[in-house]
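# The following block contains a protein sequence and its predicted model.
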Amino acid sequence: MVEQSSRIDQVFAALADPIRRDILERTAGGELTVSQIAIDYDISLAAVSKHLKVLHEAGLLRRRKEGRYQFVTTNTDGMKEVAAYLQQYEQFWTERLQSIAVPGE
């Protein structure tokens, strides 16, 4: 359980940053090079590389090297543990939301 909790903590920590969430959205559509990712941010290439490292270590990105280029894409498998964790609370949230009265309805 501790190992799973640690993995989930790692994923949530990775998703806590808006740049990392944006990188995941952008790479969900297919592979991008590190340079293609970095061009859209007003931060150094080294800072982008650190964000990519956090995402990769959390299991949210796949990396592939071809020659001198490094390609990055979203790894949806990395979210499965978190999705399962959140699903156990889905019934609780659904019941709570349904109990909230909406004015005018």
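That came in fine, so what should we check first?

# Am I right that Thr73 is in a strand?
Yes. Counting by DSSP: H, G, I helix; E, B strand; the rest coil, Thr73 is found in a strand.

# tell me the contacts of it?
27-28, 30-32, 61-62, 64 (Cβ atoms under 8 Å, 6 or more residues apart in numbering). In short, each C-beta sits where N, CA and C put it, glycine included.

# from those, which would you call buried?
Among those, the ones that count as buried by 16 or more other Cβ atoms under 10 Å are 27, 31-32, 61-62.

# need the residues you listed in TSV with pLDDT, can you?
Output for the buried ones among the contacts of Thr73, formatted as TSV (pLDDT from 0 to 100):
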residue	pLDDT
Thr27	96
Glu31	96
Leu32	97
Leu61	96
Arg62	96
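
# Contacts for the helix-or-strand element of the chain with minimal mean pLDDT next, please.
Using mean pLDDT, DSSP states H and E, helix 90-99 stands out as the lowest-scoring helix or strand of the chain, at a mean of 76. Residues external to helix 90-99 that are found in contact with it (Cβ under 8 Å, 6+ apart): none.

# I am finished for the moment; much appreciated.
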